[in-house]
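In: Quick one, structure for this:
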Amino acid sequence: MVDRIKKKLAVKPVEKDYLLDFVNKELVPQMERLRLFTDAIVSILIQGEGSPEGVVPAAVGSLYQQTDGGAGTSLWVKESGASTDVGWVAK
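Out: Presented below is the predicted three-dimensional model:
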């Protein structure tokens, strides 16, 4: 019994071609999906000091929390100007 377990747990060398296939076909596409998802989240929720108008480019629908804002200027919504730094409206 112990011999069978040792045999199953024995380290086998990984062939270079298998490893390259795994990285190129499995790992790289998964990492790309994760990057796209992360970029989407980051571009929707943004935080900073000062008004974002004319400064922060983002997609329409993004939210900006102005950390030094007051009444009416603490939350901004990107309502126009896809991927530009204009079109922010204070809420």
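
In: how far does stretch 35-51 stretch from start to finish?
Out: In stretch 35-51, first residue to last residue: 28 Å (C-alpha to C-alpha, to the nearest Å).

In: tell me which residues of that stretch are tucked away?
Out: 46, 51 (16 or more other C-beta atoms under 10 Å). All C-beta atoms are positioned from the backbone trio N, CA, C, and that covers glycine.

In: Need the contact partners of that stretch.
Out: 52, 56, 58-59, 61-68, 73, 76, 88, 90 (C-beta atoms under 8 Å, 6 or more residues apart in numbering).

In: And these, which of them are buried?
Out: 52, 56, 58, 62-64, 66, 76, 88, 90.

In: Show me the residues you listed that map onto strands.
Out: 63-64, 66, 76, 88, 90 (DSSP state E).

In: ok, G87 - how many residues close by?
Out: 20 (other C-beta atoms under 10 Å).

In: And the buried ones among the contacts of stretch 35-51, which two are furthest apart?
Out: Spanning the widest gap among the buried ones among the contacts of stretch 35-51 are A58 and A90, at 14.6 Å by C-beta to C-beta.

In: Closest to V28 out of the ones in strands among the buried ones among the contacts of stretch 35-51?
Out: For these, with V28 as the reference and C-beta to C-beta as the criterion, the closest is L63, at 31.4 Å.

In: how about V86, secondary structure?
Out: coil (DSSP: H, G, I helix; E, B strand; the rest coil).

In: Surely it and E53 touch.
Out: Yes - assessed by C-beta atoms under 8 Å, V86 is found in contact with E53 at 6.4 Å.

In: Give me the more crowded residue out of these two.
Out: Each of V86 and E53 has its neighbours counted (other C-beta under 10 Å); E53 has more, 16 against 13.

In: Just list whatever residues bridge to the residue nearest to the more buried one when sequence neighbours are not counted.
Out: Counting by C-beta to C-beta, 6 or more residues apart in numbering, E53 lies nearest to W88, which is 4.5 Å off, once chain neighbours are set aside. According to DSSP bridges, the partner residues bridging W88 are K78.
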